[in-house]
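> Predicted model, plus sequence, below.
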Amino acid sequence: MTIRQVEHEITVAAPAAEVYRLIAEVEHWPRIFPPTIHVDVVERTGDEERIRIWATANDAAKNWTSRRTLDPGGLRIRFRQEVSTPPVAAMGGTWIIEPLPAGDCRIRLLHDYRAVDDDPEGLKWIDEAVDRNSRSELAALKSNVELAHASADLTFSFEDSVRIEGAAKDAFDFVNEAGLWVERLPHVASVRFAEDSPGLQTLEMDTRAKDGSVHTTKSYRVAFPHQKIAYKQVTLPALLTLHTGCWTFTETGGEVTATSQHTVVLNTANIAGILGAEATVADARAYVHGALSANSRATLGHAKDYAESKR
């Protein structure tokens, strides 16, 4: 049995403890790994956890499950795929974060793997794929970790909620059936919606702003009936470098709380061009919060009417 072991590394301008935290806490992954749409912790016992990952590959959304062992003291994270796809027979590895004297850190990414039936051609294919993917992943991780570290004050989250006298399923259905939004939501001008596999959705739509302008957005969504829909917007307005969110539906005592949550990172380079030369980060924050909340509250209000009409 031939087990190959390889290593890739990159230096990052951010403290080791902060980089470890961003990789360890999977809710950050949509910020630091561009293909990642959403990650859920399926189970956790001490430092052992099982995570499910939804991500894009060649413009298609995929998901898989991995096991991880966290070592915050050693700044290490071990991972192992639960089910590998041929020609890979088994695949695992370790993230190692090493502090450097100037306050930067080195990220080392180790892989160990073997090919089905020890096939030499299969092993060569895996060698090339791991090398290519590791180099591109580390380069993207470097730029996004440095951005996340530098833009901590430009990142903020907020949410809007509504109480519904109805069923969680009906409120969920309203948001889940986004292909019908052009008929159901006045601010939506047109929709392109696809669900190629259950719960994995692509949503592209044109929405009208208060000033009459029309904006096109594209998002990938992951739906968990009838509890939540997580999404990542992949075409961004000029004032943002990141927008992720989640719709949640919580039923208690015959009532439902429906919530729309957003996390965004401001793009400071475009503030003056859009809001004027005197505009500040606080102005951009207020503008973005107001625009996104207005759309969320409108959608929540229509979801409330829909669910209550179904009682």
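Arrived safely, thanks for sending.
> Where do the strands of the stretch 1-150 of the chain begin and end?
4-12, 36-45, 48-57, 60-71, 76-81, 88-99, 105-115 (DSSP state E, counting those that start in this stretch).
> So for S190, which of the ones you listed sits nearest?
strand 60-71 (21.7 Å; CB to CB). The way it works is simple: take the backbone N, C-alpha and C, and place the C-beta from them, glycine included.
> Quick one: closest of the strands of the stretch 1-150 of the chain to H215.
strand 36-45 (20.9 Å).
> List the buried residues in the closest one.
Going by neighbour count (16 or more other CB atoms under 10 Å), the buried part of strand 36-45 is 36-40.
> Please identify which of the strands of the stretch 1-150 of the chain is closest to L180.
strand 60-71 (20.9 Å).
> Only alpha carbons, please: show the closest one as PDB.
What follows is strand 60-71, C-alpha atoms only, in PDB (Å, rounded to 0.1, in the frame of the first residue of the first chain):
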ATOM      1  CA  ALA A  60     -21.800  23.700  -9.600                       C
ATOM      2  CA  ALA A  61     -22.700  23.400  -5.900                       C
ATOM      3  CA  LYS A  62     -21.500  20.200  -4.100                       C
ATOM      4  CA  ASN A  63     -21.400  18.900  -0.500                       C
ATOM      5  CA  TRP A  64     -19.400  16.400   1.500                       C
ATOM      6  CA  THR A  65     -18.600  15.500   5.100                       C
ATOM      7  CA  SER A  66     -15.200  15.500   6.900                       C
ATOM      8  CA  ARG A  67     -14.000  14.700  10.500                       C
ATOM      9  CA  ARG A  68     -11.700  17.100  12.200                       C
ATOM     10  CA  THR A  69      -9.600  17.100  15.400                       C
ATOM     11  CA  LEU A  70      -8.800  20.600  16.800                       C
ATOM     12  CA  ASP A  71      -5.700  21.400  18.800                       C
END
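> For R208, state which of the buried residues of strand 36-45 is nearest.
Using CB to CB, the buried residues of strand 36-45 come closest to R208 at I37, 26.1 Å.
> mind listing what that closest one touches?
Counting by CB atoms under 8 Å, 6 or more residues apart in numbering, I37 touches 30, 54-56, 61, 220-222, 230-232.
> how about a cut-off of 6 Å?
54-55, 220, 232 (CB atoms under 6 Å, 6 or more residues apart in numbering).
> Kindly report the same for W125.
P87.
> let's go with 8 Å and repeat that
Counting by CB under 8 Å, 6+ apart, W125 has contacts 87, 115.
> I'd like the distance between it and A90.
15 Å (CB to CB, to the nearest Å).
> How about D173?
41 Å.
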